[in-house]
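**Q** everything below, folded, please.
(chains A and B)
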Amino acid sequence: MTSPFRTPEGGRIDRSATVEFTFDGQVLRGHPGDTLASALLANGRHQVATSVKFGRPRGIAAAWAEDPGGLVQIEEPFPEPMLLATTVELYDGLAASGLPGQGRLADVPDSARYDAVHSHVDVLVVGAGPAGLAAALTASRSGARVALVDEQSEAGGALLGTDDELDGAPAVDWVAAAVAELAATPDVLHLQRTTAFGLYDDGFVLALERRTDHLGAAAPKHVSRQRVWRIRARSVVVATGAHERPVVFADNDRPGTMLAGAARTFLHRYGVLPGREAVVFTTNDSAYDAALDLFRAGVRVQAVVDARPEGSPQRRAECEGAGIRVLSGAVVTGTQGVERVTHALVAPFLDGEVGAGSAIACDLLLVSGGWNPAVHLFSQARGRLRYDATLGAFLPGEELDGVAVAGSAAGVPDLAGCLADGQRVARAALGVPAVPSAADDRLPTAPEPVVPTAPLVLWRVPDPSGAEGSTSFVDLQRDATVADIARAVGAGLRSIEHVKRYTTIGTAHDQGKTSGVLTSGIVAELLGVPVQDTGTTTFRPPYTPVAFAALAGRDRGRLFDPERVTALHEWHVAAGAVFEDVGQWKRPRHYPRPGEDMEAAVLRECAAARTGVGILDGSTLGKIDVQGPDAAVLLDRLYTNLMSSLKVGSVRYGVMCGVDGMVIDDGTVLRLAEDRFLVLTTTGGAAKVLDWMEEWIQTEWPDLRVHCTSVTEQWCTFPVVGPRSRDVVGAVFPGVDVSNEAFPFMTWRDTTLDGVPVRLARISFSGELAYEVYVNPWYAVAVWQRLLDAGRPHGITPYGTETMHVLRAEKGYPIIGQDTDGTVTPHDLGMAWAVSKKKPDFVGKRSFARPENHNPLRKHLVGLLPVDRQTVLPEGSQIVEYRTDGRLPAPPVPMLGHVTSSYRSAELARPFALALVKGGRERIGETVHVPVDGTLVPVEVTGSVLVDPEGARRDG
Amino acid sequence: MQLIACPWCGPREEVEFSYGGQAHVPYPDSPAELSDEEWAHYVFFRDNPKGRFAERWNHSAGCRRWFNAIRDTATYRFERVYRLDDPKPVTP
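**A** Modelled structure (predicted):
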């Protein structure tokens, strides 16, 4: 079956093959090399969708990413919303449908892979049109490392849509030769189907390569579908071409209305006639090429309507020689038709006044209002734009370091000029020494450019219908009209940014590619100010939409964030542990037995640790090795208490504060030698504390002879906890005297187990007799197993972080960052005992003397016991002043503080909590209230240590 | 994404660095002798100029060294970087 609007020959499609696709349920055919848009046009189909607000028919109005009309959703082979028919390459089995301005998210997971690649080059050229190819050739011939990226399926840019010649042969032959030369040059990266969508600081460009989208279901699974290129370039050459600008008139959105240059592209590149009878409406010379090309291809060109009073004498003669009528000093004022243009309404146009018009029959209305250089990337790099009143366009208005604009993106009008400009800009980017001789860097010869007749800058044609522009569409994607702009200006808006937000112009899928400059022009006209003063809205990345999946790349699912596991992870999994995330660590939270929920498992684990023996994988604890003659001096300055007096072989608890006196971490310190300490930090604070030490050593105390390094992953740590822990540890390490006398609380001993070094430490985070066992991770599983075997007669019970938290909270040991929030001093925690009064200074000390830190209403860490012995207070609950009638006082309800930790206690046989409460220590014994699910729960304020406040258990 | 020239490693991507606030704010010699107000100025008060600003930076995902930089807070441009033991550059 032949498509009715396909030319008999020509174009860059593969006519030897046919692909079958479905659009809106209709089965159609096209050729490899088609876009969805060109295949639809070849089948005579202009309308693609209806508009977002008014439901008006909308069709294909341009040939690439600037098209505001043809939004589609791909349904098969993989769902993807909000694509342009003009940029979807056709493949067999494609099923798509038109979209009324809004897409539908896929309801199946995207199984494709996305990735990212870094690249570093001397010169990045964006755009493989004539200027970009010339720039890339010049740069590569100088030996520079070059990247050339272009968003289309093949190189050539505008040359693909014309019949231009270079060196007396089709220009596309030169393109092919240039591509071949680049491919044969080492250090050239040439990527097609790759859109540079963002230009950032210091030559950093993000580009999206669509690697397999065009293959449909045939896409190989092992190749990423899209790839984000992260390119760092010494120089960026922006050769992104220009977008043709429409002129606004009434009913200018009717399908069949198309940019003139787009019609040329459909003809030359895709072998498609966008219509049979055309009217061409222009304000400049370029649309005459479209008229003549279509005429030669067999389209009946009904008229060229040129808004300029004299038109273009030279182009007029060409047209009239071909029998094409040219109406100078005339405009298109509107269209007729329902789903497709049937008539263009043409009227005389003199000094801004529209005369009486007539209808000219046509099924294709081509429009050209001039060309807007695609300055998006230059503007993203904060390049200032300058308005050119002759072209009616914004051009790059300054030189930027490392970013240069070449070719029609810089406003160069003709092919020869674009080639020369690309070469010039590349040479400038490389610097003089790198430039090869002119003979080695030859440019092809382009036909002598015809001196054009000056264009007329015309943003809109007055609406003769009296409807005041309510169907004169500026932004087709937002259904925003001249009337909307007039309303915005009438409402007093002056800034183009405000008009944009009021009218929503430029905020849709195309981000104002065709509507932006038009809006600037119309606003300037309505306000009676120069367009330069109106300016443009800010160009922001991305240039065209980028899927979040592509930005995420491989960083999804398990690869989203690194997972850290301990040497015992497999054991935990086999033991049925339920894990929780602690920073990047996977830690066992509890080990439920069959039939147990977390509460039951934790109560059992807690009871074992308090009455028998439990064992915890504490390997995630942060560990910092601090070495050097001044190690003790450093720790004295950073901890609130004295570390220099610690004896080798002993352990001391310490608190660290910021200069503001607020607690930032706590932990224990083991003195390994006169000049060496092992600092234990919280799991989450390990990196922060190491950074903190480094910062002070480097920035304030470079004279200290001390070095710090993380040894978190060099030591696995297993606290063996409970009254029976001595029996277990004594059995596994018979060479160690584990008695209180020989191995007292807060000391450590080194030993060996079958030749493997092991360190034991009497440290307790539960209040019970406990021995922490430190061993190299290689031997962790074996040592852990020995401990379990030795503990079996005592019912040794592995426990997780939840039990660890309950045990420590019962003892009132705070978790920094959970029971504190950066506004809590050691004194607030009831830890004045850990603050040295002897040391003349340490970080934070001076702040303790600030009056606010002596405010009796500061929040203190206290315990809470719900009076009903039932309610587990939700962590984060507010504690409020209560009224005797049991109701909340009128808002604002006075807040006393909040619950920081809350658990059910096996030992206490009731729930309990820790909380920060205003003047809390003075309230011990009082009852306060916590709103829970709308009722006030009375709770008794207690000291923070609820279990064994005398500390009698730590020695067994 | 900017390139920041670490004095030890050369130009590296901005994500490798972390910011350390105003430079040349030394820890006072004798905090105990300062008034509350003087101490508060050390702890809480920092300049916030538009234009050149001497700042501390840390190449936290690289060599982990701290260094100082003169940066223009209006353009984000780094005008120079210097080591902690270098004197504060005299800027015009």
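
**Q** mind checking the SS state of A:Ala134?
**A** helix (DSSP: H, G, I helix; E, B strand; the rest coil).

**Q** just A:Gly11 next, same as before
**A** Taking three-state DSSP, the label given to A:Gly11 is coil.

**Q** and it, how many neighbours?
**A** 21 (other CB atoms under 10 Å in any protein chain shown). C-beta coordinates here come from the backbone N, C-alpha and C atoms, glycine included.

**Q** gap between it and chain B?
**A** A:Gly11 sits 42 Å away from chain B, taking CB to the nearest CB, to the nearest Å as the criterion.

**Q** how about that residue: what's its closest non-neighbour residue?
**A** The shortest distance from A:Gly11 to any residue other than its chain neighbours is 2.8 Å, reached at A:Gly271 (CB to CB, 6 or more residues apart in numbering or on different chains).

**Q** equivalent analysis for A:Ser944, please.
**A** Taking CB to CB, 6+ apart as the measure, A:Ser944 lies nearest to A:Gly812, with 3.3 Å between them; neighbours along the chain are not counted.

**Q** swap in A:Val27?
**A** For A:Val27, the spatially nearest residue (CB to CB, 6+ apart) is A:Glu20, at 6.3 Å.

**Q** in what helix or strand does the residue of chain A found nearest chain B lie?
**A** Chain B sits closest to A:Arg846 of chain A, with a gap of 3.7 Å, by CB to the nearest CB. Using DSSP states H and E, A:Arg846 maps to helix A:845-848.

**Q** pairing partners for the next helix or strand after that helix, with directions?
**A** With elements assigned by DSSP H and E, the helix or strand that comes after helix A:845-848 is strand A:859-866. Listed by DSSP bridges, the sheet partners of strand A:859-866 and their directions read strand A:910-918 (antiparallel), strand A:935-942 (antiparallel).

**Q** about what we covered before: and the residue nearest to A:Gly11, what is it in contact with?
**A** Each residue near A:Gly271 by CB atoms under 8 Å, 6 or more residues apart in numbering or on different chains is listed here: A:6-7, A:9-11, A:13, A:15, A:42.

**Q** one more time with 10 Å, if that's ok
**A** For A:Gly271, the contacting residues are A:3, A:5-13, A:15, A:31, A:33-34, A:38, A:42, A:297, by CB atoms under 10 Å, 6 or more residues apart in numbering or on different chains.

**Q** which ones among the residues you listed lie within helices?
**A** Within these, residues falling in helices by DSSP state H are A:38, A:42.

**Q** which of the contacts of A:Gly271 are buried?
**A** Judged by neighbour count, with 16 or more other CB atoms under 10 Å in any protein chain shown as the criterion, the buried members of the contacts of A:Gly271 are A:3, A:5-7, A:10-13, A:31, A:33-34, A:38, A:42, A:297.

**Q** point out where chain B drops to low pLDDT.
**A** Confidence mapping of chain B against pLDDT under 70 gives the ranges B:91-92.

**Q** nope, the stretch 851-956 of chain A is what I was after
**A** Counting by pLDDT under 70, the stretch 851-956 of chain A shows low-confidence ranges at A:883-884, A:886.

**Q** now the strands for chain B?
**A** B:3-6, B:10-13, B:18-22, B:52-58, B:66-72, B:78-82 (DSSP state E).

**Q** and A:Ala176, that's in a helix?
**A** Yes - A:Ala176: assigned to a helix according to three-state DSSP.
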